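# My questions are about this predicted structure, shown below with the sequence.
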Amino acid sequence: INQNDKMLFTIGDYRNSDIAQIDNSFFGKILEIDLETGNSEIFSKGHRNPQGLMFDKEFDVILSTEHGPKGGDEINLIKLNNDKIPNYGWPIASYGEHYGGRSKKNKEKYEKYPLLKSHKDNGFIEPLKSFQPSIGISQITHLGEKKYVVSSMIAKSIYFFDLNEKNEINEITKVNVGERVRDITFYDGKLYLLLENSASLGVIEVS
């Protein structure tokens, strides 16, 4: 639930990259849904495969996590813009590469979806953090005082970070878990991890 008391909901591009940039499609978007009327509108666009989404009500911050292609997993700050829909660049800009790389086989794909190596220089919003190689980013949760943690599947780790007064990441700290972390949540001083390999729940006390 965001600052307008409406639900935010993510939808990936479902391997149909074109529609992430098309405003008459809900794919590749974050939607804002009015729970009273059921009406929805596009909140942001240019997303490939969002995995986690959270609203820090105290500081009016919305953060999302997103799978890139081969490389380029992202942590994004979802910015409000009353003039136009905030655009995060997919599939025009990404710090990842198409599977198979810049081969002759992929020539046509790169011509259509170039994956330019700057978001800002091409009119899009830069991610707060981009991971190369991919970490298999999954959920994000709030620890308090602009402190957050994201989980990963490929890297089998969790990543702690905080935001400064400009909502930029000061530093990010990786903590190895040793299992794919599918989901996380924070409650009453404890971080709960849904561990995929052992089908178990991990608990970490966070001071």
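Cool, the structure landed. Residues are numbered from 1 along each chain as shown.
# ok, now which ones touch the spatially closest residue to S152 that is not a sequence neighbour?
In this structure, S152 finds its nearest non-sequential neighbour in I135, 4.0 Å apart by C-beta to C-beta, 6 or more residues apart in numbering. To be clear about C-beta, it is placed using only N, CA and C from the backbone, and glycine gets the same treatment. Counting by C-beta atoms under 8 Å, 6 or more residues apart in numbering, I135 touches 73, 152-155, 157, 159.
# How about Y14?
F27.
# again, but for Y99
Y99 touches 69-70, counting by C-beta under 8 Å, 6+ apart.
# Strands along the chain, start to end?
Ranges of strands in the chain, per DSSP state E, are 7-11, 29-33, 40-45, 49-56, 61-67, 73-77, 129-131, 137-144, 147-152, 157-163, 169-176, 181-187, 190-195, 200-205.
# As JSON lines, those with distance to S103, mean neighbour count and mean pLDDT would be great.
Output for the strands of the chain, formatted as JSON lines (distance: least, C-beta to C-beta, whole Å; neighbours: other C-beta atoms under 10 Å; pLDDT from 0 to 100):
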{"stretch": "strand 7-11", "distance to S103": "30", "mean neighbour count": "17", "mean pLDDT": "95"}
{"stretch": "strand 29-33", "distance to S103": "30", "mean neighbour count": "21", "mean pLDDT": "96"}
{"stretch": "strand 40-45", "distance to S103": "29", "mean neighbour count": "19", "mean pLDDT": "95"}
{"stretch": "strand 49-56", "distance to S103": "23", "mean neighbour count": "20", "mean pLDDT": "96"}
{"stretch": "strand 61-67", "distance to S103": "22", "mean neighbour count": "23", "mean pLDDT": "97"}
{"stretch": "strand 73-77", "distance to S103": "22", "mean neighbour count": "25", "mean pLDDT": "98"}
{"stretch": "strand 129-131", "distance to S103": "22", "mean neighbour count": "20", "mean pLDDT": "98"}
{"stretch": "strand 137-144", "distance to S103": "26", "mean neighbour count": "20", "mean pLDDT": "96"}
{"stretch": "strand 147-152", "distance to S103": "27", "mean neighbour count": "23", "mean pLDDT": "98"}
{"stretch": "strand 157-163", "distance to S103": "30", "mean neighbour count": "19", "mean pLDDT": "98"}
{"stretch": "strand 169-176", "distance to S103": "31", "mean neighbour count": "11", "mean pLDDT": "95"}
{"stretch": "strand 181-187", "distance to S103": "32", "mean neighbour count": "17", "mean pLDDT": "97"}
{"stretch": "strand 190-195", "distance to S103": "36", "mean neighbour count": "17", "mean pLDDT": "98"}
{"stretch": "strand 200-205", "distance to S103": "40", "mean neighbour count": "11", "mean pLDDT": "96"}
